[in-house]
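Based on what follows, work out the 3D shape:
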Amino acid sequence: MTDVLIIGAGPTGLTLALDLARRGVTFHLVERAEHPRTASRAKTIQPRALEVADDLGVIERVLTEGAVNIPTRRYDGDRVVSEAVEVAAGTPTPDAPYPPVWLSQPKFEQILRDRLAELGGAVEWGATVTGLHQDDNGVTAAVRTAEGERTVRARYAVGADGGRSTVRKQAGIALHGVSLPGQRWHLGDVRVDGLPRHCQHLWTSQEHGILSLFPLPGTDLWQFQASVPAGLAEPEEPSLELFRRIFDTRAGVPGVRITDADWLSLYKINVCLADRYRAGRILLAGDAAHIHSPAGGQGMNTGIQDAYNLGWKLAAALDGADPILLDTYEQERRPVAQAVLGDSTARLNAVMAAAGDGDGSSVQRGLTGDFTTGLSIAYPGSPLSDGPGAGGRAPDASCRDAATGKSVRLFDLQRGPHWTLLSFGPDAPPLAHGQEPAGLRVFRVTTRPEATGADTVIDTDGHAHRAYGVVGDELVLVRPDGYVAARRSARDWAGVLALAAAHGTR
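So this is what the prediction gives:
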């Protein structure tokens, strides 16, 4: 018996497990694979997902093991045309401190698993869910392992088991979408002799489309990506010899050889969305709920944010909050997935058109934009967003701790499973230190340099006030997943506390 059964131990399932573990929620995380997967698949962690990594306590490892601003060396056959950083991370700002980071999915999953182990959690490998049955009180899952069949009873079950989700099928949730005609790719993780690893190597042509070799940070592997020409009716099955032939035909750089491969795949791009994210006590997250083009690096990141949105709501429901809170998960996240489907498809079409024109620079620039960072995601129409200005992401800012004089970020105050109430203005909050309701932390944010007191930070450069658009005295209530739930007058303490209690704060 457990509170939550999580099916699938990719980035989505691991993120959910981490969030539940730090909240003291019992869970069982099962994965049908016998051991961790090694295929690179996704390799971009976007700024908003990095903010999730910050909150979950893994940001330092991600930044250390990943890389930013990897240059692209573009070619015409074996001739180098240019080398420059064409997918620039941008300069971190006080309100958005993290640039996109390149890190392969297996490396990121290992970081999440290590953090989960620190919190006492683990993955059960080689455990396949073969059936699900739910009633008014919970979900019963049939699980097959090498030792035989058994059942697991949980109050809720979450399917994070990928595009071919067994959970989705067992829950009777339909997946609607299309396969993109002519969008097929040969993908793989290969080892290469003769190419410098400080940059990506890119070839584009009207005849062949795109060929890319990308050095995966922290490994000796390269991610091989080659578009299958649209006129080719039946692509060859992936093999090391095929990949060598593709490289020789499209690049032909002397002295370069693909020596071996860890993973080879023929990938057909589908664009699909589940018609709902919840069926009673069974919920979907990540690729089990949405499948789309990899253009823009949104797949893994969208799943991470699904789990981050869902974790605190499951914990609140398990703690006695109105189960209708779980309906806001689909209300908030499904429109995001719809937007991602549209954006990634448009980017892929633009990238392939640029490749057909031989415009390698446009190919690179077309992969990123403000939307792909995830920072613009907001839930203004959500039932959990109370009034004007609510629903947006809660930005970061650099301040100074009034008690210690040390530098402190707003993200430092928000880090953890709690709600956060920021009291902007000169007056101390009308709550004695340590007397906040359980699950809520209250901080005063002031521009007065002489201010003192516990849980008071001084906005020395005005970054916090500018980031939140605060002019006078105001209360800003921030959800556990870093979105603004409400903005109220500094006099309306009772209303803000009542609102937090209504959404699950105890």
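
Find the helix or strand that the most centrally placed residue in the chain is a member of.
In the chain, the centroid-proximal residue (Cα atoms, centre = their mean) is N301; its distance is 2.6 Å. Element membership of N301 [criterion: DSSP states H and E] is helix 299-318.

for the stretch 201-350 of the chain, what spans make up the helices?
When assigned using DSSP state H, counting those that start in this stretch, the helices of the stretch 201-350 of the chain occupy the ranges 240-250, 299-318, 327-356.

looking at these, which is closest to V143?
Closest approach to V143 among those (Cβ to Cβ): helix 299-318, 20.1 Å. No exception for glycine: its C-beta is placed from N, CA and C like everyone else's.

Buried residues in the closest one, which are they?
Residues of helix 299-318 classed as buried: 299-318 (neighbour count, 16 or more other Cβ atoms under 10 Å).

just to revisit the earlier point, quick one: list the elements packing against the helix holding N301.
strand 2-7, helix 11-22, strand 44-45, helix 47-56, strand 148-159, helix 327-356 (3 or more Cβ pairs under 8 Å, 6 or more residues apart in numbering; DSSP states H and E).

what angle separates the second one from helix 47-56?
Spelled out, that is helix 11-22. 30 degrees (axes from the mean of the first three to the mean of the last three Cα atoms, to 10 degrees).

where's the residue of the chain most remote from its centre relative to A397, distance?
Taking Cα atoms, centre = their mean, the residue of the chain most remote from its mean C-alpha position is E450, at 40.0 Å. Distance, E450 to A397, by Cβ to Cβ, to the nearest Å: 20 Å.

Please apply the same query to L475.
17 Å.

Please apply the same query to G177.
Taking Cβ to Cβ, one finds G177 at 40 Å from A397.

do T373 as well
From T373 to A397 the distance is 18 Å (Cβ to Cβ).

Around the residue nearest to A355 when sequence neighbours are not counted, count how many other residues there are.
Computed as Cβ to Cβ, 6 or more residues apart in numbering, the closest residue to A355 that is not its neighbour in sequence is T204, at 4.3 Å. Residues lying near T204 (other Cβ atoms under 10 Å) number 28.

surely T204 meets I210?
Yes. Look at T204 against I210 with Cβ atoms under 8 Å: they come within range, at 5.5 Å.

in this structure, which ranges drop under the pLDDT threshold?
For the chain, the stretches with pLDDT under 70 are 88-90, 358-366, 426-435, 506.

what does the domain assignment say about it?
Domain ranges of the chain: 2-66+101-177+270-373, 179-269, 398-502, per automatic domain parsing.

Any chance of JSON lines for these, columns distance to D95?
Output for those, formatted as JSON lines (distance: least, Cβ to Cβ, whole Å):
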{"stretch": "domain 2-66+101-177+270-373", "distance to D95": "11"}
{"stretch": "domain 179-269", "distance to D95": "27"}
{"stretch": "domain 398-502", "distance to D95": "4"}
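
which of those is buried the deepest?
Of all those, domain 2-66+101-177+270-373 has the most neighbours on average by mean count of other Cβ atoms under 10 Å, namely a mean of 20.

follow-up on the earlier one: could you check the distance from the residue nearest to the centre of the chain over to Q46?
Taking Cβ to Cβ, one finds N301 at 5 Å from Q46.

next one: R415
19 Å.

and E436, what does it touch?
Neighbouring residues of E436 by Cβ atoms under 8 Å, 6 or more residues apart in numbering: L421, V442.

So which of the domains of the chain is nearest P92?
The closest of the domains of the chain to P92 is domain 2-66+101-177+270-373. By Cβ to Cβ, the value is 8.7 Å.

Any idea how far apart the tips of the closest one sit?
End-to-end span of domain 2-66+101-177+270-373 (Cα to Cα, to the nearest Å): 35 Å.

Identify the bridge partners of the closest residue to D262 other than its chain neighbours.
Nearest residue to D262 in three dimensions, chain neighbours excluded: D189, at 4.5 Å (Cβ to Cβ, 6+ apart). Per DSSP bridges, the residues bridged to D189 are Q223, W263.
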